[in-house]
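Undergrad: model this:
(one chain, ligands or ions: 2)
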Amino acid sequence: MPAFKELVFSGVQPTGNLHLGNYLGAIKRFVAMQAQFECLYCVVDLHAITVWQDPAELTRQIREVTAAFLAAGIDPARSVVFNQSQVPQHAELAWIFNCVARLGWLNRMTQFKEKAGKDRENASVGLYDYPVLMAADILAYRATHVPVGEDQKQHLELTRDIAQKFNNDFAGAIQEQGHGEAFFPITEPLIGGPAARVMSLRDGTKKMSKSDPSDYSRINLTDDSDGIATKVRKAKTDAEPLPSETAGLEKRPEADNLVGIFAALNDVSREDVLREYGGAQFSAFKGALVDLAVAKLGPIGAEMKRLVADPGHIDAVLADGAARAEAIAAPNIAAVKDIVGFVRRR
Ligand code: AMP
Ligand code: TRP
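TA: Numbers count the residues shown, from 1 in each chain. Ligands and ions are numbered 1, 2, ... in the order given. The predicted structure follows:
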(Lines give C-alpha, C1' and ligand atoms only; values in the text may rest on other atoms or scores of the structure.)
(Ligands and ions follow the chains in the order given, each with its own letter.)
Protein backbone atom coordinates (compact mmCIF):
# COMPACT_ATOMS: atom_id res chain seq x y z
CA MET A 1 0.00 0.00 0.00
CA PRO A 2 1.53 3.34 -1.01
CA ALA A 3 1.78 6.05 1.62
CA PHE A 4 -1.18 8.40 1.74
CA LYS A 5 -1.06 11.79 3.39
CA GLU A 6 -2.52 11.46 6.88
CA LEU A 7 -5.93 13.08 7.02
CA VAL A 8 -8.75 12.77 9.55
CA PHE A 9 -12.43 12.88 8.55
CA SER A 10 -15.52 12.44 10.68
CA GLY A 11 -19.18 13.38 10.57
CA VAL A 12 -22.09 13.96 12.91
CA GLN A 13 -25.75 13.96 11.87
CA PRO A 14 -27.83 17.07 12.56
CA THR A 15 -30.72 15.10 14.03
CA GLY A 16 -32.02 15.50 17.57
CA ASN A 17 -30.12 16.58 20.64
CA LEU A 18 -26.38 16.00 20.80
CA HIS A 19 -25.67 14.01 23.93
CA LEU A 20 -22.83 12.84 26.12
CA GLY A 21 -22.25 9.77 23.89
CA ASN A 22 -21.72 11.98 20.84
CA TYR A 23 -19.41 14.19 22.87
CA LEU A 24 -17.25 11.52 24.53
CA GLY A 25 -17.33 8.96 21.70
CA ALA A 26 -16.73 11.48 18.93
CA ILE A 27 -16.55 15.28 19.33
CA LYS A 28 -14.14 15.42 22.29
CA ARG A 29 -11.81 13.11 20.37
CA PHE A 30 -12.13 15.27 17.23
CA VAL A 31 -10.81 18.19 19.27
CA ALA A 32 -7.81 16.21 20.49
CA MET A 33 -6.88 15.02 16.97
CA GLN A 34 -6.36 18.56 15.71
CA ALA A 35 -2.97 18.73 17.45
CA GLN A 36 -1.63 15.85 15.40
CA PHE A 37 -3.51 15.79 12.08
CA GLU A 38 -5.10 17.84 9.38
CA CYS A 39 -8.83 17.29 10.06
CA LEU A 40 -12.17 17.69 8.32
CA TYR A 41 -15.33 17.69 10.43
CA CYS A 42 -18.62 17.48 8.61
CA VAL A 43 -22.25 18.05 9.58
CA VAL A 44 -23.82 15.24 7.52
CA ASP A 45 -27.14 16.72 6.47
CA LEU A 46 -27.50 14.39 3.48
CA HIS A 47 -27.41 11.49 5.93
CA ALA A 48 -29.97 13.21 8.16
CA ILE A 49 -32.70 13.15 5.48
CA THR A 50 -32.55 9.35 5.17
CA VAL A 51 -35.31 9.60 7.79
CA TRP A 52 -37.93 12.39 7.77
CA GLN A 53 -36.72 15.79 9.00
CA ASP A 54 -38.88 18.86 9.35
CA PRO A 55 -37.14 21.43 7.08
CA ALA A 56 -37.03 24.35 9.54
CA GLU A 57 -35.87 22.05 12.32
CA LEU A 58 -33.14 20.59 10.07
CA THR A 59 -31.82 24.08 9.34
CA ARG A 60 -31.69 24.78 13.08
CA GLN A 61 -29.96 21.49 13.83
CA ILE A 62 -27.27 22.00 11.18
CA ARG A 63 -26.32 25.26 12.87
CA GLU A 64 -26.55 23.72 16.33
CA VAL A 65 -24.16 20.84 15.53
CA THR A 66 -21.76 23.35 13.99
CA ALA A 67 -22.01 25.39 17.19
CA ALA A 68 -21.29 22.26 19.25
CA PHE A 69 -18.14 21.58 17.21
CA LEU A 70 -16.88 25.12 17.81
CA ALA A 71 -17.96 25.26 21.46
CA ALA A 72 -16.20 21.97 22.19
CA GLY A 73 -12.93 23.37 20.85
CA ILE A 74 -12.72 22.56 17.16
CA ASP A 75 -10.82 25.48 15.66
CA PRO A 76 -12.31 26.35 12.25
CA ALA A 77 -9.14 28.15 11.23
CA ARG A 78 -7.14 24.98 11.66
CA SER A 79 -9.69 22.25 10.87
CA VAL A 80 -12.19 22.27 8.02
CA VAL A 81 -15.73 22.59 9.45
CA PHE A 82 -18.54 22.31 6.89
CA ASN A 83 -21.84 20.71 5.96
CA GLN A 84 -22.09 17.88 3.48
CA SER A 85 -24.77 19.32 1.17
CA GLN A 86 -22.56 22.32 0.32
CA VAL A 87 -19.93 20.06 -1.26
CA PRO A 88 -21.42 18.25 -4.28
CA GLN A 89 -18.58 15.71 -4.54
CA HIS A 90 -20.03 13.63 -1.66
CA ALA A 91 -23.19 12.78 -3.59
CA GLU A 92 -21.29 12.36 -6.86
CA LEU A 93 -18.84 9.86 -5.45
CA ALA A 94 -21.65 8.06 -3.64
CA TRP A 95 -23.22 7.26 -7.02
CA ILE A 96 -20.01 5.77 -8.36
CA PHE A 97 -19.64 3.76 -5.13
CA ASN A 98 -23.22 2.54 -5.53
CA CYS A 99 -21.91 0.75 -8.57
CA VAL A 100 -18.91 -0.68 -6.68
CA ALA A 101 -20.63 -1.83 -3.45
CA ARG A 102 -22.56 -5.12 -3.63
CA LEU A 103 -26.12 -5.69 -2.47
CA GLY A 104 -24.91 -8.54 -0.30
CA TRP A 105 -22.61 -6.18 1.60
CA LEU A 106 -25.40 -3.75 2.37
CA ASN A 107 -27.78 -6.54 3.33
CA ARG A 108 -25.49 -7.29 6.26
CA MET A 109 -25.60 -3.78 7.77
CA THR A 110 -27.12 -4.10 11.23
CA GLN A 111 -27.82 -0.39 11.70
CA PHE A 112 -30.18 -0.40 8.69
CA LYS A 113 -32.08 -3.30 10.22
CA GLU A 114 -32.38 -1.48 13.55
CA LYS A 115 -33.38 1.84 12.01
CA ALA A 116 -35.80 0.40 9.46
CA GLY A 117 -37.47 -1.74 12.11
CA LYS A 118 -40.35 -3.99 11.18
CA ASP A 119 -41.67 -1.85 8.37
CA ARG A 120 -38.66 -2.32 6.10
CA GLU A 121 -40.67 -1.94 2.88
CA ASN A 122 -41.43 1.60 3.91
CA ALA A 123 -37.84 2.68 4.72
CA SER A 124 -36.29 5.19 2.30
CA VAL A 125 -33.84 3.92 -0.31
CA GLY A 126 -31.43 6.49 1.17
CA LEU A 127 -31.52 4.78 4.56
CA TYR A 128 -30.44 1.54 2.91
CA ASP A 129 -27.71 3.32 0.95
CA TYR A 130 -26.51 5.34 3.95
CA PRO A 131 -23.21 3.44 4.43
CA VAL A 132 -22.23 3.99 0.78
CA LEU A 133 -22.62 7.76 1.21
CA MET A 134 -20.52 7.48 4.35
CA ALA A 135 -17.75 5.76 2.36
CA ALA A 136 -17.96 8.59 -0.18
CA ASP A 137 -17.65 11.20 2.61
CA ILE A 138 -14.43 9.65 3.80
CA LEU A 139 -12.87 8.69 0.49
CA ALA A 140 -13.67 11.94 -1.35
CA TYR A 141 -10.80 13.27 0.76
CA ARG A 142 -8.83 10.01 0.72
CA ALA A 143 -8.93 10.28 4.52
CA THR A 144 -6.69 7.84 6.38
CA HIS A 145 -8.17 8.05 9.90
CA VAL A 146 -11.78 8.23 11.09
CA PRO A 147 -12.59 8.78 14.80
CA VAL A 148 -16.09 7.46 15.62
CA GLY A 149 -18.03 5.66 18.32
CA GLU A 150 -18.24 1.88 18.41
CA ASP A 151 -21.63 1.83 16.61
CA GLN A 152 -19.95 2.92 13.35
CA LYS A 153 -17.48 0.04 13.18
CA GLN A 154 -19.39 -1.99 10.61
CA HIS A 155 -19.86 1.05 8.36
CA LEU A 156 -16.12 1.68 8.39
CA GLU A 157 -15.47 -1.92 7.42
CA LEU A 158 -17.73 -1.35 4.42
CA THR A 159 -15.72 1.78 3.55
CA ARG A 160 -12.57 -0.32 3.54
CA ASP A 161 -14.23 -2.95 1.34
CA ILE A 162 -15.36 -0.32 -1.16
CA ALA A 163 -11.87 1.25 -1.31
CA GLN A 164 -10.31 -2.18 -1.81
CA LYS A 165 -12.72 -3.21 -4.56
CA PHE A 166 -12.34 0.11 -6.40
CA ASN A 167 -8.55 -0.21 -6.22
CA ASN A 168 -8.74 -3.78 -7.57
CA ASP A 169 -11.43 -3.27 -10.22
CA PHE A 170 -9.64 -0.27 -11.69
CA ALA A 171 -6.04 -1.31 -10.97
CA GLY A 172 -5.06 -0.97 -14.66
CA ALA A 173 -6.35 2.59 -15.09
CA ILE A 174 -5.04 3.60 -11.67
CA GLN A 175 -1.52 2.51 -12.69
CA GLU A 176 -1.71 3.99 -16.19
CA GLN A 177 -2.89 7.34 -14.92
CA GLY A 178 0.05 7.63 -12.57
CA HIS A 179 -1.60 6.92 -9.22
CA GLY A 180 0.56 3.90 -8.44
CA GLU A 181 -0.75 0.81 -6.69
CA ALA A 182 -3.95 2.17 -5.21
CA PHE A 183 -6.09 5.28 -5.54
CA PHE A 184 -7.90 5.04 -2.20
CA PRO A 185 -6.32 4.43 1.21
CA ILE A 186 -7.67 1.63 3.40
CA THR A 187 -8.96 3.91 6.14
CA GLU A 188 -8.22 3.20 9.81
CA PRO A 189 -11.14 3.48 12.20
CA LEU A 190 -10.17 5.16 15.48
CA ILE A 191 -12.58 3.69 18.01
CA GLY A 192 -11.58 3.68 21.61
CA GLY A 193 -11.11 5.33 24.94
CA PRO A 194 -13.27 4.66 27.97
CA ALA A 195 -16.41 5.98 26.23
CA ALA A 196 -16.50 4.37 22.79
CA ARG A 197 -20.00 3.20 23.67
CA VAL A 198 -21.81 5.34 26.24
CA MET A 199 -24.95 3.59 27.48
CA SER A 200 -28.38 4.90 28.46
CA LEU A 201 -28.61 6.24 32.03
CA ARG A 202 -31.87 4.29 32.41
CA ASP A 203 -30.63 0.95 31.06
CA GLY A 204 -26.95 0.01 30.96
CA THR A 205 -27.54 -2.51 28.17
CA LYS A 206 -28.88 0.09 25.69
CA LYS A 207 -26.81 2.67 23.81
CA MET A 208 -27.32 6.32 24.78
CA SER A 209 -29.19 7.65 21.77
CA LYS A 210 -30.80 10.76 20.33
CA SER A 211 -33.95 8.80 19.60
CA ASP A 212 -34.61 7.31 23.07
CA PRO A 213 -38.08 8.56 24.08
CA SER A 214 -36.92 9.20 27.67
CA ASP A 215 -34.85 12.37 28.06
CA TYR A 216 -33.59 10.93 31.37
CA SER A 217 -31.69 8.31 29.36
CA ARG A 218 -29.17 10.88 28.13
CA ILE A 219 -27.34 14.05 29.09
CA ASN A 220 -27.72 16.61 26.30
CA LEU A 221 -24.94 19.10 25.59
CA THR A 222 -27.51 21.86 26.08
CA ASP A 223 -28.73 20.64 29.51
CA ASP A 224 -28.18 23.15 32.32
CA SER A 225 -26.48 22.24 35.64
CA ASP A 226 -29.77 21.37 37.34
CA GLY A 227 -30.74 19.11 34.46
CA ILE A 228 -27.36 17.34 34.51
CA ALA A 229 -27.55 16.89 38.30
CA THR A 230 -31.07 15.45 38.20
CA LYS A 231 -30.25 13.00 35.43
CA VAL A 232 -27.07 11.74 37.09
CA ARG A 233 -28.82 11.35 40.47
CA LYS A 234 -31.70 9.46 38.85
CA ALA A 235 -29.35 7.24 36.80
CA LYS A 236 -30.00 3.55 37.34
CA THR A 237 -27.43 1.70 39.49
CA ASP A 238 -27.21 -1.54 41.46
CA ALA A 239 -27.02 -1.81 45.25
CA GLU A 240 -23.31 -2.67 45.63
CA PRO A 241 -20.52 -0.15 46.31
CA LEU A 242 -18.02 0.44 43.49
CA PRO A 243 -15.38 -2.28 43.04
CA SER A 244 -11.69 -1.42 43.31
CA GLU A 245 -10.71 -3.33 40.13
CA THR A 246 -12.22 -3.16 36.61
CA ALA A 247 -12.91 -6.91 36.71
CA GLY A 248 -15.55 -6.08 39.32
CA LEU A 249 -17.46 -4.02 36.71
CA GLU A 250 -18.27 -7.10 34.65
CA LYS A 251 -21.99 -7.89 34.65
CA ARG A 252 -22.63 -4.49 36.24
CA PRO A 253 -23.47 -2.49 33.08
CA GLU A 254 -24.74 0.62 34.88
CA ALA A 255 -21.73 0.86 37.18
CA ASP A 256 -19.40 0.24 34.24
CA ASN A 257 -21.11 2.99 32.25
CA LEU A 258 -20.89 5.64 34.98
CA VAL A 259 -17.25 4.80 35.68
CA GLY A 260 -16.50 4.99 31.93
CA ILE A 261 -18.21 8.38 31.67
CA PHE A 262 -16.26 9.70 34.65
CA ALA A 263 -12.99 8.42 33.17
CA ALA A 264 -13.62 9.92 29.73
CA LEU A 265 -14.71 13.30 31.12
CA ASN A 266 -11.59 13.47 33.24
CA ASP A 267 -9.14 12.05 30.64
CA VAL A 268 -8.15 9.12 32.85
CA SER A 269 -8.73 5.34 32.72
CA ARG A 270 -11.39 3.26 34.47
CA GLU A 271 -8.57 1.88 36.63
CA ASP A 272 -7.68 5.40 37.77
CA VAL A 273 -11.30 6.11 38.68
CA LEU A 274 -11.62 2.89 40.68
CA ARG A 275 -8.35 3.55 42.46
CA GLU A 276 -9.99 6.68 43.84
CA TYR A 277 -13.61 5.55 44.24
CA GLY A 278 -13.34 1.78 44.81
CA GLY A 279 -15.49 0.95 47.85
CA ALA A 280 -17.52 4.16 47.56
CA GLN A 281 -21.33 4.14 47.56
CA PHE A 282 -23.07 5.39 44.43
CA SER A 283 -24.47 8.39 46.31
CA ALA A 284 -20.94 9.71 46.87
CA PHE A 285 -19.68 8.77 43.40
CA LYS A 286 -22.69 10.36 41.72
CA GLY A 287 -22.05 13.60 43.64
CA ALA A 288 -18.50 13.70 42.25
CA LEU A 289 -19.77 12.83 38.76
CA VAL A 290 -22.31 15.69 38.86
CA ASP A 291 -19.55 18.18 39.76
CA LEU A 292 -17.28 16.86 37.02
CA ALA A 293 -19.99 16.77 34.34
CA VAL A 294 -21.20 20.29 35.20
CA ALA A 295 -17.62 21.62 35.15
CA LYS A 296 -16.84 20.04 31.75
CA LEU A 297 -20.17 20.37 29.94
CA GLY A 298 -21.53 23.61 31.40
CA PRO A 299 -19.15 25.90 29.47
CA ILE A 300 -19.79 23.99 26.21
CA GLY A 301 -23.57 24.37 26.55
CA ALA A 302 -23.23 28.07 27.35
CA GLU A 303 -20.94 28.68 24.38
CA MET A 304 -23.33 26.76 22.08
CA LYS A 305 -26.17 29.07 23.14
CA ARG A 306 -24.03 32.13 22.45
CA LEU A 307 -23.01 30.83 19.01
CA VAL A 308 -26.48 29.79 17.79
CA ALA A 309 -27.70 33.31 18.57
CA ASP A 310 -25.50 34.48 15.67
CA PRO A 311 -26.43 32.29 12.67
CA GLY A 312 -24.62 34.69 10.32
CA HIS A 313 -21.31 33.79 11.92
CA ILE A 314 -22.04 30.05 11.80
CA ASP A 315 -23.05 30.25 8.14
CA ALA A 316 -19.81 32.08 7.34
CA VAL A 317 -17.78 29.35 9.07
CA LEU A 318 -19.65 26.72 7.05
CA ALA A 319 -19.14 28.56 3.76
CA ASP A 320 -15.41 28.91 4.36
CA GLY A 321 -15.19 25.23 5.33
CA ALA A 322 -17.11 24.11 2.24
CA ALA A 323 -14.77 26.02 -0.05
CA ARG A 324 -11.73 24.43 1.59
CA ALA A 325 -13.29 20.97 1.56
CA GLU A 326 -14.22 21.25 -2.10
CA ALA A 327 -10.68 22.30 -2.97
CA ILE A 328 -9.51 18.91 -1.65
CA ALA A 329 -12.37 16.77 -2.96
CA ALA A 330 -12.76 18.23 -6.49
CA PRO A 331 -9.42 17.03 -7.90
CA ASN A 332 -9.91 13.61 -6.27
CA ILE A 333 -13.33 13.17 -7.87
CA ALA A 334 -12.04 14.43 -11.23
CA ALA A 335 -9.36 11.72 -11.03
CA VAL A 336 -11.96 9.08 -10.10
CA LYS A 337 -13.99 10.00 -13.18
CA ASP A 338 -10.90 9.63 -15.37
CA ILE A 339 -10.15 6.27 -13.77
CA VAL A 340 -13.70 5.04 -14.41
CA GLY A 341 -13.40 6.18 -18.03
CA PHE A 342 -15.80 9.13 -18.22
CA VAL A 343 -14.98 11.92 -20.69
CA ARG A 344 -14.18 15.26 -19.08
CA ARG A 345 -15.88 18.49 -20.12
CA ARG A 346 -13.26 20.50 -22.01
P1 AMP B 1 -24.63 10.46 15.11
O2 AMP B 1 -25.31 11.36 16.03
O3 AMP B 1 -25.31 9.16 14.92
O4 AMP B 1 -24.24 11.12 13.83
O5 AMP B 1 -23.26 10.09 15.82
C6 AMP B 1 -22.16 10.98 15.87
C7 AMP B 1 -20.96 10.31 16.49
O8 AMP B 1 -21.25 10.00 17.87
C9 AMP B 1 -20.55 8.99 15.83
O10 AMP B 1 -19.14 8.90 15.79
C11 AMP B 1 -21.12 7.95 16.77
O12 AMP B 1 -20.40 6.74 16.72
C13 AMP B 1 -20.95 8.64 18.12
N14 AMP B 1 -21.91 8.13 19.10
C15 AMP B 1 -23.27 8.16 19.02
N16 AMP B 1 -23.84 7.60 20.11
C17 AMP B 1 -22.81 7.20 20.91
C18 AMP B 1 -22.74 6.56 22.18
N19 AMP B 1 -23.84 6.23 22.86
N20 AMP B 1 -21.52 6.30 22.70
C21 AMP B 1 -20.39 6.65 22.02
N22 AMP B 1 -20.39 7.25 20.82
C23 AMP B 1 -21.58 7.53 20.26
N1 TRP C 1 -22.86 7.51 10.21
C2 TRP C 1 -22.25 8.38 11.17
C3 TRP C 1 -23.10 8.37 12.46
O4 TRP C 1 -24.28 8.19 12.43
C5 TRP C 1 -22.12 9.79 10.67
C6 TRP C 1 -21.22 9.87 9.49
C7 TRP C 1 -21.58 10.12 8.20
C8 TRP C 1 -19.80 9.68 9.49
N9 TRP C 1 -20.48 10.13 7.39
C10 TRP C 1 -19.38 9.86 8.15
C11 TRP C 1 -18.89 9.37 10.48
C12 TRP C 1 -18.05 9.73 7.80
C13 TRP C 1 -17.55 9.26 10.12
C14 TRP C 1 -17.13 9.42 8.78
O15 TRP C 1 -22.59 8.58 13.47
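
Undergrad: give me the phi and psi angles of the residue in the chain that ligand 2 sits nearest to.
TA: Closest to ligand 2 within the chain is residue 11: 3.3 Å, counting by C-beta to the nearest ligand atom. Any C-beta I mention is one placed from the backbone N, CA and C, and that applies to glycine too. The phi/psi pair for residue 11 (degrees, to the nearest 10) reads phi -140, psi 150.

Undergrad: where does the stretch 201-346 of the chain get nearest to ligand 1, which residue?
TA: Residue nearest to ligand 1 within the stretch 201-346 of the chain: residue 208 (3.8 Å; C-beta to the nearest ligand atom).

Undergrad: so that residue is in contact with residue 201, correct?
TA: Yes - here residue 208 reaches residue 201: they are 7.3 Å apart, a contact under C-beta atoms under 8 Å.

Undergrad: which residue ranges of the stretch 151-300 of the chain form strands?
TA: Remark: strands assigned in the stretch 151-300 of the chain by DSSP state E, counting those that start in this stretch are 188-190.

Undergrad: how about the residues of it by ligand 2?
TA: With C-beta under 6 Å from any ligand atom as the criterion, the stretch 151-300 of the chain meets ligand 2 at residues 152, 155.

Undergrad: output the longest helix belonging to the protein.
TA: Counting by DSSP state H, the longest helix found in the chain is helix 311-340.

Undergrad: buried residues in that one, which are they?
TA: Applying a neighbour-count criterion of 16 or more other C-beta atoms under 10 Å, one finds 314, 317-318, 321-322, 324-326, 328-329, 332-333, 335-336, 338-339 buried in helix 311-340.

Undergrad: right, is that helix up against ligand 2?
TA: No - judged by C-beta under 6 Å from any ligand atom, helix 311-340 stays clear of ligand 2, getting no closer than 12.6 Å.

Undergrad: give me the distance from that helix to the chain's centre.
TA: Computed by C-alpha atoms, centre = their mean, to the nearest Å, the chain-centroid distance of helix 311-340 equals 19 Å.

Undergrad: and that helix, what does it pack against?
TA: strand 38-43, helix 55-72, strand 80-83, helix 89-98, helix 171-176, helix 282-308 (3 or more C-beta pairs under 8 Å, 6 or more residues apart in numbering; DSSP states H and E).

Undergrad: mind putting those into TSV with distance to residue 20 and mean pLDDT?
TA: Below are those laid out as TSV (distance: least, C-beta to C-beta, whole Å; pLDDT from 0 to 100):
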stretch	distance to residue 20	mean pLDDT
strand 38-43	18	98
helix 55-72	12	98
strand 80-83	21	98
helix 89-98	28	98
helix 171-176	43	98
helix 282-308	8	98
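
Undergrad: TSV for these, including distance to residue 238?
TA: Formatted as TSV, the helices and strands packed on helix 311-340 follow (distance: least, C-beta to C-beta, whole Å):
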stretch	distance to residue 238
strand 38-43	38
helix 55-72	32
strand 80-83	41
helix 89-98	45
helix 171-176	56
helix 282-308	8
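
Undergrad: dump the ones you listed to TSV, plus mean neighbour count.
TA: Shown next, in TSV, are the helices and strands packed on helix 311-340 (neighbours: other C-beta atoms under 10 Å):
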stretch	mean neighbour count
strand 38-43	25
helix 55-72	20
strand 80-83	25
helix 89-98	19
helix 171-176	14
helix 282-308	17
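
Undergrad: which residues of the stretch 101-250 of the chain score low on pLDDT?
TA: Applying pLDDT under 70 to the stretch 101-250 of the chain picks out no residues at all.

Undergrad: how about stretch 138-157: buried residues?
TA: Residues 138-152, 155-157 are the ones in stretch 138-157 that count as buried (16+ other C-beta under 10 Å).

Undergrad: out of these, which sit inside strands?
TA: Within the buried residues of stretch 138-157, residues falling in strands by DSSP state E are 145-147.
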